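Colleague: quick one, fold the following:
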Amino acid sequence: MGRSIALILVLMMLGPMAGCINEEVTPTIPKPGCTDSTASNFDPNATENDGTCFSENASTTVEPEELEPSASEGCTDINARNFDVNATEDDGSCNFSKNVILMIGDGMGWEMVRMAAIYNQVMEGNQGNLLSDFYTEGKGSGLAMQELSGFQSVTTYSTIVDGSTRNSLREDTGSNVPTASEDYRDIEFDPRNNLVRYNIELGGTTPWDSRYFSNNGSTSFDPMYITEDDPDSAQTATTLMTGVKTFKGAVGVGLYERPRSSLTNVASDNGMCLGVASNVPITHATPASTYAKVNSRDRLHWDSISSSRAGDDILSWFNQANGLDIMLGTGNPNTHVGDHYVHSSYLDSFESNENHTLLLNSPGASDLLKSAAQSHDSETDARILGLYGSIGQANLPYSGANGSFEQSGWGLNLKNGPPSDRSRDYGPMTKEEYIAKEIDENPSLADMTDAILDACDEDNQGFFATIESGDIDWAGHSNNIDALIGAVNDFDKAVENVIKWIGENGGWERNMLVVTADHDHYLTLTDDFPNLIRSNSALDLAMGGDIEHMGHYWGPSKSDPYGSQSHTNRPVPVFYQGGCSQIINQSVGEGFDNYGQYVGGVSGFVDQVHLHLAMRAALIGDCLHIPVVYG
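Modeller: All right, here's what the predicted structure looks like:
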């Protein structure tokens, strides 16, 4: 009985506990504090460490937590123009464009270069008497341009339509017909029929082919071949600028007389500084090809051709050219040339533009130009226009081979024979005063080149410059080797300045220099030229006389020493270095595309189209891919 009562009491005590098993249990509330028993502020009742533990014997300095640096986007390629040393992530903005300087010796064929180079060597003491004592092939030496690493020979031929190199693919071609009329011929461009080309069997495998100096009786070689369908400055400069073959007289337009994208346009579209300099008028064919788009080089300005459409002239194109920062040349209407090249009314309209700088013939011309160029900001300032010209000439004063400026003010002789127009009016001045005035009031081509480099060298996007020596061509037309040697040397001084500038401003990795000619003249040196130029002045040899003692003749035959004073289709030299030069190296003997057709190459030569493609690639900043020029 007692055992039963005890069991009942135990069950009664467990009953309430069993009833709590399925009820909710109130959670334990955590107590934050320092749970480290070694800490000075240890809290034995704390259930969670709150990070407040400290020791009175330890330093109270708390080291800051190292944070990952925030990413900075920009160009991370050290070879790019806009490399950002602080950028950690590349944003694809790297600009690899090169400064490109194109220098054109107008009419400066291989023989003209050799004449000046040998003259310089003779003046420096070389005792050789014959051409073979100097050089008879290849690059040669004696000029700064010949020190550039690259050298090739370049074909310069034009298009031909219906038997004429002056025809476009329009029914009526000519200076009196507005550019880009809609009346086209019923033919399509065919490279087999519409290109003059260059035949190495008839014209020689090199510009220095020995048969030009002593024909060996070859039945195929024809010394007069290069005088047929010769090119002109407008057409060849347009090819250099646009990469398309075109007709004689064309300025910036192709066979269909449509404006072509030029190197100037490419540079302008990329925000680059643009500079053009020439020692002949700014509206002349070669400088005009950098900015104008007309079907005739004779469309100098609105009063040049009565039938011109409004704006269909070279000066109007210059006025509206985008991005042209600095333009230097001759054609000042206040000189004896009057309004022929630049209309006098244009000077007033130019100066009326805010922030424009107009420079004309004046005392201390070189210093004034230098000051204007050095203060020019291509990012914010407007255009600099320099118009110069010597008294009695449309070009800068001729320095002559010895640098005496003896021929300053002489007229241009375009007749077969030695230079004949030697008259000039000194007025109240002596001859020496006259020459000194001419030198003081005109910058040299080297001064102009320096000014472009000064005006553009701070441009963050880079620059494209075209420098032309047009008076090399004019001296050739005058059969004047004294003026010719001086003109080549003046041009070479500008080349030398560019080479020096490149060495001080990024080197050949950041810059590309191309020195070439637009076309050739038919000059031939006699084997004893070095000996004759040593014992006679270049001016004496230029004046002619006994053909056996002239040291040169114009054309293929000594019996007719003035038989050819015009252009030829003979390939010209190109000296180059830097930028995308490998494109030129890889183009020897290769063809190219024009007007949607493939044009085969000429063995051993590059073409002016190839030079354009290399320069365009450099401006774009991609030397690995040859640009495509669409027809």
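
Colleague: residue 623 and residue 343, how far apart?
Modeller: Here residue 623 is placed at a distance of 42 Å from residue 343 (C-beta to C-beta, to the nearest Å). Heads up, the C-betas are built off the backbone N, CA and C, glycines and all.

Colleague: ugh, wrong one, I meant residue 89
Modeller: Per C-beta to C-beta, residue 89 is found 55 Å from residue 343.

Colleague: the closest residue to residue 194 other than its chain neighbours: neighbour count?
Modeller: Once flanking residues are discounted, residue 194 sits nearest to residue 159: 5.3 Å by C-beta to C-beta, 6 or more residues apart in numbering. Neighbour count for residue 159, taken as other C-beta atoms under 10 Å: 29.

Colleague: identify the bridge partners of residue 159.
Modeller: residue 195 (DSSP bridges).

Colleague: same deal with the one 5 residues further on?
Modeller: For residue 164, the beta-bridge partners under DSSP bridges are residue 161.

Colleague: burial count for it?
Modeller: Neighbours of residue 164 using other C-beta under 10 Å come to 13.

Colleague: for residue 436, same thing?
Modeller: Counted with other C-beta under 10 Å, residues neighbouring residue 436 total 14.

Colleague: repeat that for residue 333.
Modeller: Counted with other C-beta under 10 Å, the neighbours of residue 333 add up to 19.

Colleague: so who does the closest residue to it other than its chain neighbours touch?
Modeller: Using C-beta to C-beta, 6+ apart and skipping residues adjacent in sequence, the residue nearest residue 333 is residue 344, 4.0 Å away. Going by C-beta atoms under 8 Å, 6 or more residues apart in numbering, residue 344 touches 333, 334, 338.

Colleague: what's the second one sitting at in phi/psi?
Modeller: To tie it back to what came earlier, the one meant is residue 334. The phi and psi values for residue 334, taken as degrees, to the nearest 10, are phi -80, psi 0.

Colleague: that one reaches residue 346, doesn't it?
Modeller: No - using C-beta atoms under 8 Å as the test, residue 334 is too far from residue 346 to be in contact (12.0 Å).

Colleague: more crowded one of the two?
Modeller: The residue with more neighbours, out of residue 334 and residue 346, is residue 346; 19 against 13, by other C-beta under 10 Å.

Colleague: the more buried one contacts residue 319, correct?
Modeller: Yes - between residue 346 and residue 319 there is a contact at 7.4 Å, judged by C-beta under 8 Å.

Colleague: who has more neighbours, residue 89 and residue 343?
Modeller: Each of residue 89 and residue 343 has its neighbours counted (other C-beta under 10 Å); residue 343 has more, 20 against 9.

Colleague: nearest residue to that one in space, please, no chain neighbours.
Modeller: Leaving aside its sequence neighbours, residue 343 sits nearest to residue 301 (C-beta to C-beta, 6+ apart; 4.8 Å).

Colleague: and that neighbour, that's in a strand?
Modeller: No - counting by DSSP: H, G, I helix; E, B strand; the rest coil, residue 301 is not found in a strand; it is coil.

Colleague: that one contacts residue 313, doesn't it?
Modeller: Yes - assessed by C-beta under 8 Å, residue 301 is found in contact with residue 313 at 5.2 Å.

Colleague: the two - which one has more neighbours?
Modeller: Between residue 301 and residue 313, counted using other C-beta under 10 Å, residue 313 has the larger neighbour count: 26 against 22.

Colleague: need the pLDDT of the more buried one.
Modeller: Reported pLDDT at residue 313 in the predicted model: 91.

Colleague: next, count neighbours for the residue lying closest to it once chain neighbours are set aside.
Modeller: Excluding the flanking residues, the one nearest residue 313 by C-beta to C-beta, 6+ apart is residue 299, at 4.3 Å. Neighbourhood size, residue 299 [other C-beta under 10 Å]: 28.

Colleague: would you mind putting the CA coordinates of stretch 121-137 into PDB?
Modeller: Coordinates of each C-alpha in stretch 121-137 appear next as PDB, following Å, rounded to 0.1, in the frame of the first residue of the first chain:
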ATOM      1  CA  GLN A 121      80.600  67.600-101.700                       C
ATOM      2  CA  VAL A 122      82.800  69.600-104.000                       C
ATOM      3  CA  MET A 123      82.400  72.700-101.900                       C
ATOM      4  CA  GLU A 124      83.400  70.700 -98.900                       C
ATOM      5  CA  GLY A 125      86.700  69.700-100.500                       C
ATOM      6  CA  ASN A 126      86.000  66.400-102.300                       C
ATOM      7  CA  GLN A 127      88.600  66.300-105.100                       C
ATOM      8  CA  GLY A 128      86.800  63.900-107.500                       C
ATOM      9  CA  ASN A 129      86.500  65.100-111.100                       C
ATOM     10  CA  LEU A 130      84.000  62.700-112.500                       C
ATOM     11  CA  LEU A 131      80.500  61.600-111.600                       C
ATOM     12  CA  SER A 132      81.800  58.100-110.800                       C
ATOM     13  CA  ASP A 133      84.100  59.700-108.100                       C
ATOM     14  CA  PHE A 134      80.900  60.600-106.200                       C
ATOM     15  CA  TYR A 135      77.900  58.300-107.000                       C
ATOM     16  CA  THR A 136      76.100  57.000-110.100                       C
ATOM     17  CA  GLU A 137      73.200  55.100-108.500                       C
END
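
Colleague: now that stretch, how far from the centre of its chain.
Modeller: Stretch 121-137 has its C-alpha centroid displaced from the chain centroid by 32 Å (C-alpha atoms, centre = their mean, to the nearest Å).

Colleague: residues making contact with that stretch?
Modeller: For stretch 121-137, the external contacting residues (C-beta under 8 Å, 6+ apart) are 114, 117-118, 140-142, 206, 208, 210, 525, 527-531, 533-534.

Colleague: which of the residues in it are buried?
Modeller: Buried residues in stretch 121-137, counted by 16 or more other C-beta atoms under 10 Å: 121, 122, 129, 131, 133, 134, 135.

Colleague: now do the strands in the stretch 351-500 of the chain.
Modeller: For the stretch 351-500 of the chain, the strands defined by DSSP state E, counting those that start in this stretch cover 357-360, 384-388, 463-469.

Colleague: remind me which residues of the stretch 101-250 of the chain are low pLDDT?
Modeller: Residues of the stretch 101-250 of the chain that meet the criterion pLDDT under 70 lie in 172-176, 181-182, 215-219.

Colleague: try it again at 80.
Modeller: For the stretch 101-250 of the chain, the stretches with pLDDT under 80 are 171-178, 180-186, 214-219.

Colleague: got it, and the stretch 351-500 of the chain?
Modeller: In the predicted model, the stretch 351-500 of the chain carries pLDDT under 80 at residues 352-355, 391-393, 409-427.

Colleague: can you do 90?
Modeller: Along the stretch 351-500 of the chain, the parts satisfying pLDDT under 90 run over 351-356, 377-382, 390-394, 406-431, 434, 458-461, 477-480.

Colleague: tell me where it has helices.
Modeller: 365-374, 431-441, 445-456, 471-477, 481-504 (DSSP state H, counting those that start in this stretch).
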